[in-house]
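Colleague: Build me a structure from this.
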Amino acid sequence: MALWKKAFARLRGGDVSSSGQPVEAAGSDVLEQDDVEIEESLKAATQMAADAELEADNLPFVAPDAQLSSSELLSGELQQGMQVSLGDLQSSAAGWCYRGHPVMVFGVENTTIDDPSRRRQLASLVHLFPCSNALKDEGSTAWVATERGALEKVGDPGQFRFCPGCLQAAAGRGADAATFQFIDHVRSHGDSYFPGGPCYWRPGMSPVELMPPAADAEQACPQCRCHSRESGWQLNAEDAERLSLPEGICLLCAERQVDGCLHYEADDLLSAAQIRYRDLMAQASRPPVASWKLAAAILPQGWQPLLRSLERMLPPPELFFRFSESEPPAVLAWPALRRGVVERRAEGQAGKDWSLWTRAQIESELGFALR
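Modeller: Purely as a prediction, here's the structure:
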């Protein structure tokens, strides 16, 4: 198999650990004990429980979860869903945060709305950002959560549904509510949710500050085998250890391996993606065939919603295509159509006979409204 194909297989997750698999259920031999064995087991268990109660009587009382910090308790409550006032939330270009945690808002109780049917409709919707004036009333109460599973813990199955306007603004026209994941939305808008710089966040824990990418590359990424001598594409060794990731892992592989959101500035992630692509291309015996799977494997997680929308309309693009020696390459390009997508247009950038869209422009055309 060609070196490129091996690298692509790793990019698609071939080396991902299987430690997250569910534990197998206990064997049926436990159910095959005879009545005597079961009775003896019950007696032993009863005696152990009695002994434990006697020991507990001699121990000082400790409040439940007293060993957890206040931030850990808050993180846990947000996973389950908790009720707050809208005035307690911090609003950004991409949505809301509650004490540093990105949150969805649902079950809004706005007492300024007189029409009972409108109040019920508002309460039944899950919102990602304040899409109407009714969501800007700071005195209104609402439920907030960091995980989609909280919707059924707070209400009955099917009681809450995503606001169509919020869903389109976050994931573009044609977005499917059944497959929408809030964590993907946070990854795509990390610059808005985490303006303080690099950090790691997932539901159930507070954001953890990270260091800038490693300044020097001393080894190949153990996942994709990128071994560029350029700087800025690898996770800092101390952060890799803190996140239980292998030393030397690149930012793009780390993004895909953590359970949550690994946030770096969009420019840093895109630069790392370009460095990695350039290095893997140099290792390949021949250039890879353009495909949407390749684009999804190479580009940062924040680009994935846009890629999914473009895939429904256009052929696979060339990546980091240089249409001019004097200008930055297009992140996505269709040379036959002479069209390309750039993160932002450099001053005076205008490829000869090329139509260039910025990422924000093409997202706006596709119905995305949050950035």
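
Colleague: Quick check: neighbours of the longest strand along the chain in the sheet, parallel or antiparallel?
Modeller: Using DSSP state E to define each element, the chain has its longest strand at strand 101-109. Using DSSP bridges, the strands paired with strand 101-109 are strand 96-98 (antiparallel), strand 125-127 (antiparallel), strand 141-145 (antiparallel).

Colleague: Indicate which one of those is closest to residue 277.
Modeller: Checking these against residue 277 by Cβ to Cβ gives strand 96-98 as the closest, at 32.9 Å. Every C-beta, even on glycine, is put in place using the N, C-alpha and C of the backbone.

Colleague: still on that earlier bit, what comes into contact with the longest strand of the chain?
Modeller: The contact list for strand 101-109, computed with Cβ atoms under 8 Å, 6 or more residues apart in numbering, reads 74-75, 78, 83, 86, 89, 95-97, 119, 122-123, 125-128, 134-135, 140-146, 148, 151, 154-155, 160, 182, 186, 193, 201, 206-207.

Colleague: hmm, back to that, can you redo the strands paired with strand 101-109 as TSV with mean pLDDT and mean neighbour count?
Modeller: Shown next, in TSV, are the strands paired with strand 101-109 (pLDDT from 0 to 100; neighbours: other Cβ atoms under 10 Å):
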stretch	mean pLDDT	mean neighbour count
strand 96-98	96	20
strand 125-127	96	22
strand 141-145	96	22
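
Colleague: Put together JSON lines for the ones you listed, with distance to residue 165 on each row.
Modeller: Listed next are those as JSON lines, based on distance: least, Cβ to Cβ, whole Å:
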{"stretch": "strand 96-98", "distance to residue 165": "15"}
{"stretch": "strand 125-127", "distance to residue 165": "9"}
{"stretch": "strand 141-145", "distance to residue 165": "17"}
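
Colleague: Looking at those strands, which is nearest to residue 304?
Modeller: Nearest of the strands paired with strand 101-109 (Cβ to Cβ): strand 125-127, 20.9 Å.

Colleague: Okay, helices next: where are they in the chain?
Modeller: All helices of the chain, identified by DSSP state H, fall at 3-11, 35-57, 70-80, 116-124, 150-154, 164-171, 182-188, 190-193, 237-242, 251-257, 266-283, 292-298, 304-311, 359-365.

Colleague: was I right about residue 250 contacting residue 223?
Modeller: Yes - using Cβ atoms under 8 Å, residue 250 is in contact with residue 223, at 7.2 Å.

Colleague: Settle it for me: which of these two has more neighbours?
Modeller: residue 250 (27 against 23; other Cβ atoms under 10 Å).

Colleague: Show me what the more buried one is bridged to.
Modeller: Beta-bridge partners of residue 250, as defined by DSSP bridges: residue 234.

Colleague: dump the residue contacts of it.
Modeller: 221, 223, 224, 226, 233, 234, 235, 272, 276.

Colleague: Could you rerun that using 6 Å?
Modeller: 221, 226, 233, 234, 276 (Cβ atoms under 6 Å, 6 or more residues apart in numbering).

Colleague: Compare the strands paired with strand 101-109 and give me the one nearest residue 213.
Modeller: For the strands paired with strand 101-109, proximity to residue 213 was assessed by Cβ to Cβ; strand 96-98 is nearest, at 24.6 Å.

Colleague: hang on, isn't residue 187 packed against residue 259?
Modeller: No - the pair residue 187 / residue 259 is not scored as a contact, 12.0 Å apart, by Cβ atoms under 6 Å.

Colleague: neighbour-wise, which of these two wins?
Modeller: Neighbour count, other Cβ under 10 Å: between residue 187 and residue 259, residue 187 has more, with 22 against 12.

Colleague: how close does that one get to residue 80?
Modeller: Using Cβ to Cβ, to the nearest Å, residue 187 is found at 22 Å from residue 80.

Colleague: Going through the contacts of strand 101-109, which ones are buried?
Modeller: Buried subset of the contacts of strand 101-109 (neighbour count, 16 or more other Cβ atoms under 10 Å): 74-75, 78, 86, 89, 95-97, 119, 122-123, 125-128, 134-135, 140, 142-146, 148, 151, 154-155, 160, 182, 186, 193, 201, 206-207.

Colleague: Contacts only, for residue 270.
Modeller: Per Cβ under 6 Å, 6+ apart, neighbours of residue 270: residue 343.

Colleague: Could you check the pLDDT of it?
Modeller: You'll see residue 270 listed with a pLDDT of 95.

Colleague: Check residue 168 too.
Modeller: At residue 168, pLDDT is 92.

Colleague: what's the nearest residue to it if we skip its chain neighbours?
Modeller: For residue 168, ignoring the flanking residues on the chain, the nearest one in space by Cβ to Cβ, 6 or more residues apart in numbering is residue 367 at 4.9 Å.

Colleague: which regions of the stretch 251-371 of the chain lie under the pLDDT threshold?
Modeller: Low-confidence regions of the stretch 251-371 of the chain, defined by pLDDT under 70, span residues 346-352, 371.
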